[in-house]
Each structure stands twice: as structure tokens, then as C-alpha cells.
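Colleague: Return a 3D structure for these sequence lines:
(chains A and B)
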Amino acid sequence: MSKPKVHNHQHDVVIVGAGGAGMRAAIETGPHVTTAVISKLFPTRSHTGAAQGGMAAALANVEEDNWEWHTFDTVKGGDYLVDQDAAEILAKESVQAVIDLENMGLPFNRTPDGKIDQRRFGGHTRDHGKAPVRRSCYAADRTGHMILQTLYQNCVRLGIEFFSEFYVLDLIMNTVDGEERPSAVVAYELATGEIHIFQGKSIIFATGGFGKIFKTTSNAHTLTGDGVGIIWRKGLPLEDMEFYQFHPTGLAGLGILLSEAARGEGAILRNASGERFMERYAPTIKDLAPRDMVARAMANEVREGRGAGPHKDYVLLDLTHLPPEVIDAKLPDITEFARTYLGVEPYTEPVPVFPTAHYAMGGIPTNVKAEVLRNNKKVVPGLYAAGECACVSVHGANRLGTNSLLDINVFGKRAGIYAVEYAKKAKHVPVPKDAAQGVLDLLEEMQNSTGTEKIAVLRKELQDTMDKNAQVYRTEESLDEALEVIAGLRKRYKNIQVQDKGARFNTDLLEAVELGFLFDLAEVLVVTSKERRESRGGHFREDYPTRNDEKFMVHSMAYKNGKKIKVDWKPVVITNYPPMERKY
Amino acid sequence: MSTAVAETTEIGVVPSFTVTLFVRRFSKEDDLEARWEDFDVTVHGTDRVLDALHKIKWEQDGSLSFRRSCAHGVCGSDAMRINGRNRLACKTLIKDLDITEPIYVEPIKGLEVEKDLIVNMEPFYQAFKDVKPFLIATDKPKAERLQSPEERARFDMTTKCILCAACTSSCPVFWTDGQYFGPAAIVNAHRFIFDSRDEAADVRLEILNDKEGVWRCRTTFNCTEACPRGIEVTRAIAEVKQAILRGKP
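Modeller: Numbering: from 1, shown residues only, chains lettered A, B, ... in the order given. Okay, the predicted model is just below:
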């Protein structure tokens, strides 16, 4: 491998990631300061586009609603691990966030009088849990697609500068005035194999999730957590990594997502005998209980032998009582997924479904200005994070459906606003001479590898153990097994084989690099899961099956300490809602 | 080969079968011209062409290059020619093809091949940008704008576009004339021309009245057939043509 060329760029704001959060930030920064958006994908390929059901906002267009109810639902849905000041901001700013998108051109579905239409979604209720409320603003079942397209369209309008198919692999920090600050990111250009250093006064991470640590997932192949992994390797903490959401309705065996909007429109989950089993688990709101409860209920039905199919290993999502014209108008994409991938006709047949790894509640800790935290108290000036990669924390132990499209818009916008404010008063932090060396060494080592281990084999073994040991149900024993497997895989990772020795479009090389990030994040998830000896939201420990507020009403904060992982704790911000038992 | 088709009620026990893929290979670094390379792959009843390509890349030849991300037909990364038709690899089930014959996979046409199944998408993206693909409105609303369900339905079809280029790269006019805007750009213009909130239909209609605009379309319907999102692309182009003749949407 000849030495790749290294290019230098300088902007006021550098945004890593061109999904919803990154582009929403760019729309705030672009008109005011020079901005670069760097993304491993062309912007409209980002996984925001796969979001289906909607975006929560208490517009009260179709029935009474207000932001306080929305705040309460978010806090309760998150099993009280939500920082309540952040949840208030999320709910209060949701209305403007939807109006911003409408004004930018987003084609929401409309009510007969021309307003934005709204529908029901899990965990969103009227007056503190009395009944489901219609709060989700939507565009058929492709709301994420429309958000992603609309944001990209507006970036085109504003002339935002994109660097697509550039893989950011490192963050460069440097000490100024006795304080460590971000200086630049180092990116690998897929088309050429060349290296680019992007210096920015403010740097925003909006890199999405890392669902590919699991085998069964709704996440894209590209969601390997590179951004979160880079922050981790810098010695900065990750918050609440044990909280990972398993979405109840993935297509059985495939993990492809079927939106909760199906249940919002009236679809019902049934077990093998046709029983509407959610009536037993959540008598008031039944199928519209929060995702963690529904996913566990489904897994429990299967464990206790009431699953459907020849192996009794899934349950059924029944839409057959819905009029076909409602299905066509409001759920066209997901019913097509059932037809295309399983050959099931949702008009007449129930669809086989099982939980699928979907969303990381945890991630890079930030405050409500999207500033990245160095520890429980201090921020890293100039460094921001927003979207799934971040943990504000508005989702706590379990995210409500439609709060993620809201999160990327509210906190993506905030990241942009505060990044501009900072960039206007700050100076560029000098880039050290050897800034690219870490990435160059890593790539050279990978590409010159002559080992025998295949990348895909190691990745699959990681995903298998995570599905087996760290999914809906966890125990000390299962988590220990996962750690042992990961340790073994890490050793074999030193002996991998990258077959593509070329410089252009070398995705073989990048898959090897991505695998390293997957190992890091899987390990942090398992270690924090072990430390949290209670059950809360998406984290369920069979050996500690109840919530323990006395000990664990705190966020976990994991730090890289050499090869070890140190877990610390951070208080939860409580404003109005003292923790209560979560019943639906 | 109906025996190879999975019963939908038997998820997890779907039978496997072996198929042969002929993949068009090319590397700017090493090759003067493209060549076919064949691979035998064992696949399952629910596997798609993308799964087969991954099996080749992950088990046989790591240098095989293609774009992909979401793997369920919404990100638009993996449009390619499969048995001579433009399709998304992640939406094409292998069992639905004729598996008694080899499956031919090659890059989409009309755009320069960079490596294997990866083409240079820049001209395609540029045509999209050239039609002003964003809402243009001079009003400064303080709240949401109103739009009736009927007005919203008028352009629903063209909001589905995922910019995969399956339509544009199936168009014979685009193959021979690199200047033509192509179906996808016209679809995205349509999405705004017929949006009741937009005020710049005349600007876009003038852009598309250009000699490289809608009039180059020969209504071969390749684009409609190629669209993985079910957009009636040829009809959308016809509606834009009619709007130009009318002088308004």
C-alpha cells in the first residue's frame, strides 16, 4: 500500500453525519458560518429515511393535547430515567419543530380542514395515562423518508457543502489554555483511499446508532457506531449504554421494521391461539404500551410456548380487520414489506413478527445545548452531539415511538444554533502535525494484514452472542458469556484478512475498521448491563427483575480505562415527576 | 424450481439452494475493460440478491464492491441491473428469479463505472439539483400552512422517490444523451410543481422546457417499470409536459 495523500480543510463548523440530526444542524449553521457535512453515505441514504410512523408533537390538531402531557409520557415511558429538564424542552419545542418542517415543505398527511393530521402511537396518552392520544404527525408510513428528503432539499437550497462517502475515523483533540478541545476530524475518502483532515471550531457528531452489534436488527448495514466509538476511544464517557431498544414488530427472521403505526391504526398482536395477549400485560392501553413492555411480552409468550409458526418462535400482527383502503392510505410501505419479504398478504393474513434491535437510548452524553460532557459536570467546549448517537437524556431507559424523529429535529437544531454561537467567538484549535498518523497506522495495519480470520465470520459471531446473551432478557451469566466471547473475538481480530488491497472504493477495508467499533460498543453495552443490577425500561435482568430506585435511579457513565472499562454514575434530573411504578 | 420456494409459514426452516451469479467486474486501477465473473452461492428462500452479493464478498472475494445500506428498499443505494432489468438488489428475492439459469448482475447503465457495481452518481445528482428540488414560497407563515387532503394527494406519488437512479439509468435517451435531465429529476420537479404551497412552478416548467428537458422523453415506460417505489414515472413526466403546454400546473 503506497502512502495515501493527506488533504487539509478548514471550516467554522464541521458536522459528522448527514442524517436527520446532522442536516437539521447544518440548516442552522450553513447560513451563518462556513460548514462542512461529512458522511459515510450520500445524505438521502441515511437511516433516518427508514423511520416510518411519525414525529410526536402536541399540536392538538385533532384532539386536546399539550406539551406537559407529552413530557409526562416521555418521562414515564423512559421508566423515570429521563432527565426531566431535557424532556420538557423536547416536548415544548416539538410544535415549532413540526412547523419548521412543514414550512420547509414536508408533505404531512392532512386533516379534512387542511391541518397536519395526527395519529396514535405507543405510550402517548391523554392526561397522564388515561387513554391513547393522537400526537404523532406523519406522512403515510414514510415520515422519516420525508424528513430526510425535506432536510436534504433545504440543504441543497442553502448550498451546504457535503463530503459524501467520507468515513470519519478519528477526532483530533488538542490542549489550548490548559483545556483539551476538539480541533479536527480525520476522514477516509472511499472513492480514492485518500485522507482528509477537517479542522473546525465547532464539531458536531450526528453519526446515528450501532444496531449492527446485534444479528436481528432494523438497522442498516452501515450503522456500526463509528462516531460513538471514536468518542469512546478518546477517553470520553458514554452514558446509559445498557439501554438498547428492541422494537416489537420486526418481520420474523429478518428484523425489518413494521411501524408501531400499524398498532396506532388498530392492528392487534396475537399469539398462536389467536389471543390478544397484550390485554394481560397492559390492560389499559394494550397493544399501545411502550415498546420495552410489548417486546418483553412477545418474548414471554414465545418462551412459555404460545408462539406461532412451526417453531412457535414468533407472534402475529393482525391487520385483517382494518379496511384495505386504510391500510393503503396510511400503511402502504410496511404492508408491502410483508408482501415482498415474507410473501404474506396483510389484508387477509396476520404477519409473523418478533422483536428486533432498533435504537440506542444511550450514547455520547450531552447537556440540553447538545454540548458533549467530559464527566458528570464539565463539557468539552466546541464539541457537540445530537440524534441517536447522543444521550441528552430524553429517552431514559426506553424511548417512545415518534420521539426519535422529534429528538433529531429539536436537538439537531440546538446543536446547530450553539455550534454557531461558539464558532463565532472561538478560534480554530491548532491541528497537530501528526494528526492523521493514527488513522494512517490503523489503515495500513488492516490493509497489510495477512491473517486468516474473515471479517464477516467474526462479526456474525459477535452478533450471535449479543442476540443470545444481551437481548430482551439478560442475566449475570449470559452477560459473562458475552464478555468471554467478545474477548476471544478481539484476539482473533488481530489475525484478520483484508482481501482488497486497492485504494478505490475499498469497502472490505472499511468493514474491518467498522468491526473494531462494533467490538468496543458491544463490550461497553455488556459491561454496563452487568453493573446495572436491576430491571428498568429496555434493560431487563432476570436475576434482578424489579426496578431499584434506591440504588439505580442514576445514569451509567462508562469510561475507557486502558483495556478496562470503568463504570461511574450520574444523577437523573427530576423536576416535576417523582418516580412511580410504571403501569399501563 | 418451485421446490426451492419457502413456505411463508415456515420461517427459520426455509430450504437452501445453490445459484450461480455472473457479476460484472471492473476496476479502474487494474482493468482496461469490464469482465464477467461467476460465483456459486448457497442461499435461503428469503434471501435477496443483496444477500447473495454479501455472501460472495464475505466468503469468497472481499474485493467485490457495491453500495448498500438499509437493505429493505428505502435508502436507494443498491440499484443495479439484474438479469437485464434495473432493480434494487435488496428488494429482489432470489426465489422470484429463474434460478435454473445463472443470475446476471451488472451496474446501472449511462453512468461511468467506478468499480464493479459502483457508478459515478454525480451527473445524476446534478440533474436533481438543477430542477430546484425544494419548496419555494415567499410567504412567511407563523404556523403550519394549510393544505387540503386533495391538494396533498395531487403530488403524493412523486414524494416517494428515493433517488436510486433505477429510472434514469433505464432510459434509452439518457444512455445516449448524457445531457438529458432524466426521469428522476423530472419526478422531483413534479413533486414541487404540483404542491399547492409552492410558488415557483413556472421556473421549473421553464427549466424542463429546455431542449434537454421533458421533450426528450420518448415514453418507452422503462422508467415506470424500473421504479422500485411504484412511481408511475412516465405519467409524471407526461403531467409535466401538459403543464408546460398549459403554462401552469
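Colleague: tell me how far stretch A:194-214 is from the chain's mean position?
Modeller: 14 Å (CA atoms, centre = their mean, to the nearest Å).
Colleague: That one: end-to-end distance?
Modeller: Its first and final residues considered, stretch A:194-214 spans 31 Å by CA to CA, to the nearest Å.
Colleague: Where do the strands of the stretch 301-450 of chain A begin and end?
Modeller: A:315-318, A:351-360, A:364-365, A:371-373, A:379-385, A:390-391 (DSSP state E, counting those that start in this stretch).
Colleague: Show me what the fourth one is in contact with.
Modeller: Spelled out, it's strand A:371-373. Residues lying outside strand A:371-373 but in contact with it, judged by CB atoms under 8 Å, 6 or more residues apart in numbering or on different chains, are A:205, A:231, A:236-237, A:239, A:364-367, A:379-381, A:383-385, A:418. (Each C-beta comes from the backbone N, C-alpha and C, glycine too.)
Colleague: related to what we said a few turns ago, tell me which of the strands of the stretch 301-450 of chain A sits nearest to residue A:156.
Modeller: Taking CB to CB, strand A:379-385 is the member of these nearest to residue A:156, at 23.3 Å.
Colleague: ok, now which ones touch the residue minimising distance to the centre of chain A?
Modeller: Most central in chain A under CA atoms, centre = their mean is residue A:388, positioned 3.4 Å from the mean C-alpha point. By CB under 8 Å, 6+ apart, the contact list for residue A:388 reads A:21, A:208, A:209, A:359, A:360, A:363, A:404, A:407, A:408.
Colleague: neighbour-wise, which of the residues you listed leads?
Modeller: residue A:21 (37 neighbours; other CB atoms under 10 Å in any protein chain shown).
Colleague: hang on, that one packs against residue A:412?
Modeller: Yes. If you go by CB atoms under 8 Å, residue A:21 and residue A:412 touch, sitting 3.7 Å apart.
Colleague: Which neighbours do these two have in common?
Modeller: In contact with both residue A:21 and residue A:412: A:206, A:386, A:387, using CB under 8 Å, 6+ apart.
Colleague: and the first one, how many neighbours?
Modeller: In this case it means residue A:206. Residues lying near residue A:206 (other CB under 10 Å) number 34.
Colleague: Kindly state the pLDDT recorded for it?
Modeller: What the model reports as pLDDT for residue A:206 is 98.
Colleague: ok, it - contacts?
Modeller: Counting by CB under 8 Å, 6+ apart, the residues that residue A:206 touches are A:15-19, A:21-22, A:25, A:227, A:385-387, A:389-390, A:408, A:412, A:415.
Colleague: so of these, which ones are in helices?
Modeller: A:21, A:22, A:25, A:227, A:408, A:412, A:415 (DSSP state H).
Colleague: Considering the residues you listed, which possesses the most neighbours?
Modeller: residue A:21 (37 neighbours).
Colleague: Can you tell me the closest non-neighbouring residue to that residue?
Modeller: residue A:387 (2.9 Å; CB to CB, 6 or more residues apart in numbering or on different chains).
Colleague: if I pick the one you found, what's in contact with it?
Modeller: By CB under 8 Å, 6+ apart, the neighbours of residue A:387 are A:17, A:19, A:20, A:21, A:22, A:206, A:207, A:208, A:407, A:408, A:411, A:412.
Colleague: if I look at it, how far off is chain B?
Modeller: 16 Å (CB to the nearest CB, to the nearest Å).
Colleague: Where does pLDDT dip in the chain?
Modeller: By default, I'm working from chain A. Residue ranges of chain A with pLDDT under 70: A:1-2.
Colleague: think we crossed wires, I meant chain B
Modeller: Those would be B:1-14, if you go by pLDDT under 70 across chain B.
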